[in-house]
Structures are given as structure tokens and as C-alpha cells.
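Colleague: the sequence and its predicted three-dimensional model are supplied below.
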Amino acid sequence: MQVYKVGGAVRDALLGLPVQDIDWVVVGATPEAMAAQGYLPVGRDFPVFLHPRTREEYALARTERKTARGYHGFAFQATPEVTLEQDLARRDLTINAIAQPAGESGLDGLIDPYGGRRDLAARVLRHVTGAFREDPVRILRLARFAARFSDFSVAPETEALMRQMVAGGEVDALVPERVWQELSRGLMEPRPSRMLDVLRACGALARLLPEVDRLWGVPQRADYHPEIDTGVHLGLVLDMSARLQAPLSVRFACLCHDLGKGTTPPEVLPRHIGHEQRSAQLLRGLCERLRVPTECRELADIVAREHGNIHRSQEFNAAALVRLLDRCDAWRRPQRFADALLACECDARGRGGLQEASYPQRPRLLAALQAAQAVDTAAVAAAAAGNGARGPQIGERILAARVAAVAGMGH
């Protein structure tokens, strides 16, 4: 029985990056032998075990054979006869197909049968073998790695292979949960625009996120968007969300905030009148298709509908500000409203030459919310009721008190 450190832990150590999780592969063992040494079986599809002390994952070396289209169409073989080289051959990228014997460190004992160290040095993302084509999730994983290692290029032969996979309908068989899982991970990488670039280049974006893909080539007003192209703007917005270390819900809202611009009638371009409501409508279909979590869905809906008003809020009087806060349900969900403002700041600064600009709308609206929240609504309601007000009349008194509080902010 031989144990090797594999995958991301070896790759990141060679790149001088912090090593997070460590994966191990075991050659020459059986499930019975692992269990006899105290390893806890946890693999559902193939033999994976948790170390009895460290709880790190140890997988038996295995081979894969494609049996049907899609992510789950595989038959696995994990017997003592499977070699390390065979196990590494089934991995996605050469930079993830480097192994190191347990107990070794640095450059000692590295096993690199597919040129992973060469591709690390050349900053290239390259598939290991033709087996790459058997799993469409690997297209998404490669795009995610491109967003993480933004100075890496995609090998031409790998890009050609991905285009063939898309043309063959492989990505159409992906289950929504896997698409969302990889998409959400890619959005959290340092340069999420690269994920979209890679998916566009091979045609996968048009299959998986057609609402997003159609934004490229759509013009915008140059006085608002120096970058003009809506797709280019989207990439800048996403990268700004990473720069500002926004959470996933904000980054997803940034991804979807302008979907409606892709359906603007050609005769009215470069204006996009009413795109906010079209964006919200397209967002609903996208979220249902990918089964997007509620937190991400709700924030994206607010940003899609209201980002134009939030951008223009510097011109609003106190009453208009309170109406905006009310539409965003800021009273009950103040943190979600703060996240919406962060997404709008990413949108405003995700424009050519404006990356270093300030976004005064955000602190002003947060101050307006704070002023409105300081109103003792219970006392206002009690006083109104004492004067004979009922139902909607009490609501009007509370609204007036909030408007007065916002008007008194001194802005």
C-alpha cells in the first residue's frame, strides 16, 4: 500500500500559495484493508475514506469509463492493480495531475507523468488526456481555474476539445446543482470575468447562461459607459466585486443586474429603456433553471429592479428616498439593502476609467436608512391612534415621520 499527496495541494505548494485541503490517493489497497486500519468509508460512488486521526480524505486509486452522457455517466474501477499513473490520467488538468509520496516535501519525489510542472512554469491550463471530454463539469472547472489563475492561458488544443464537447451536447446534460456549484465558486475567484471569457470562447456560456451570453456585442450609451459593450461592462463589474471582496450574493447580483439589455429592441439602441424590469423577469427564469439559493435570488431581484434608481438617488428628495427604502424592504432587511448598495457600487465603478471613483450614493442611502430607522414607529402609531387614526392613516403618519427624519439628515 502506497500513499501519495495529489492535486491542488501539490499544485499550490509548487506555486508558493497557501495549501488548504490535502487530498491523498492510495495505491495497492482494498476497502477492507483501509477499514482494518481504522479509515472511515464516506465515498458514495467510489471508495473514499477519512483518516482516523486527521479526517483528511484518502481515495483508492481508480480508473473511469464513460457509460452515458453527462456528469453521472461513469463506471469506476478501484482495485489494487490500478497504478498511480492511471489514476492521474483521469484528472482534469496537467497542473492537477502531479503527485508526491507521503512524507516527502519540497521538490522531493515529485511524480509528474503528464507535464504539470512544465505547464505551471508556462502558465498554461491543459487537459491531461482525451478522458477530459468524458466529463462536462471539467469545462466549468477549467473556467473556474482561469478565474483563479488569471495569468494562465488555455492551451489551444484544450479549447478546441471543449468546443467539440459543447457541440456534441455534453454541457446540455449537466445537472443544475453542478452548474450552480461551479458557477458560484468561479464568481468567488479573484477575477471572475475570466470564467465568463473561457465559457464564451468554447460556446458553453450560450448553452448554460444564454441570458448572460447575449450581452456581448450589445452597445450602451458612451456617456454612461465608456467601455460601450455591455458584456465588457459586465466583466468589469464582476472584477470590481472581487476587488471589493463582496460576498457571493452580491457577485451573483452583479452577474445578473443588466440581463434585460440583451433583449433591448435594436431600433432603440444604445438606449436601454425599461431594461431593469426585463432584467428581473429574465433573472427569475435563470434562477429557477439553476435552482439558485433564495438569498442570492432575492438580492439579485432588488438590484436588477432598483439599480438605476439607486444610481440616481443623489437627485431624490426625502420622500423619494423613503419610497426607495420601502420598495427594497430595507426596514426589515437592512443588511440585504446594504448588500444591494455594494452591488450598485460595483456596477458604477465597473466602467472604463471609473474604477477609482467614489460612490456617494452608498453612504447617503445608508445614512437615510439609519435616520428612518431611528423613528419610534410604535410611538408614532400610538399617537396617531389616540387622535382617531386607523389602518392606512397610521401607516401614512409613520411614513411622514420617516420622511421628516430623512429630510433632517442635513445632506
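Modeller: That came in fine, so what should we check first? Numbering: from 1, shown residues only.
Colleague: so the nearest residue to residue 381 once chain neighbours are set aside, which of the three states?
Modeller: Once flanking residues are discounted, residue 381 sits nearest to residue 394: 5.1 Å by C-beta to C-beta, 6 or more residues apart in numbering. C-beta coordinates here come from the backbone N, C-alpha and C atoms, glycine included. What DSSP: H, G, I helix; E, B strand; the rest coil gives for residue 394 is helix.
Colleague: for residue 381, see how far away residue 395 is.
Modeller: According to C-beta to C-beta, to the nearest Å, residue 395 and residue 381 sit 9 Å apart.
Colleague: so those two - more neighbours on which side?
Modeller: Counted by other C-beta atoms under 10 Å, residue 395 and residue 381 do not tie: residue 381 has more neighbours, with 16 against 13.
Colleague: the closest residue to residue 91 other than its chain neighbours: neighbouring residues, count only.
Modeller: The shortest distance from residue 91 to any non-neighbouring residue, by C-beta to C-beta, 6+ apart, is to residue 97 (4.4 Å). Neighbour count for residue 97, taken as other C-beta under 10 Å: 28.
Colleague: over to the one 3 residues further on?
Modeller: By other C-beta under 10 Å, 21 other residues sit near residue 100.
Colleague: contacting residues for the nearest residue to it once chain neighbours are set aside?
Modeller: Leaving aside its chain neighbours, residue 100 sits nearest to residue 5 (4.7 Å; criterion: C-beta to C-beta, 6+ apart). Neighbour list for residue 5: 22, 23, 24, 99, 100, 101, 102 [criterion: C-beta atoms under 8 Å, 6 or more residues apart in numbering].
Colleague: which one of these is nearest to residue 225?
Modeller: Nearest to residue 225 out of the contacts of residue 5 is residue 23 (C-beta to C-beta; 43.7 Å).
Colleague: contact partners for that closest one?
Modeller: Per C-beta under 8 Å, 6+ apart, neighbours of residue 23: 5, 6, 7, 8, 9, 56, 57, 59.
Colleague: which residues are contacting the strand or helix carrying residue 406?
Modeller: Take DSSP states H and E as the rule and residue 406 turns out to sit in helix 392-407. If you take C-beta under 8 Å, 6+ apart as the criterion, helix 392-407 is touched by 317-319, 321-322, 326, 368, 371-372, 374-375, 377, 380-381, 383-385, 389.
Colleague: just the buried residues from those residues, in ChimeraX please.
Modeller: Burial among these is assessed by 16 or more other C-beta atoms under 10 Å; the matching ChimeraX selection reads:
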select :318,321,322,368,371,372,375,377,380,381,384,389
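Colleague: the contacts of helix 392-407 in helices, which ones?
Modeller: 318-319, 321-322, 326, 368, 371-372, 377, 380-381, 383-385 (DSSP state H).
Colleague: give me the domain ranges for the protein.
Modeller: Segmentation of the chain into domains, based on automatic domain parsing, reads 1-116, 374-407.
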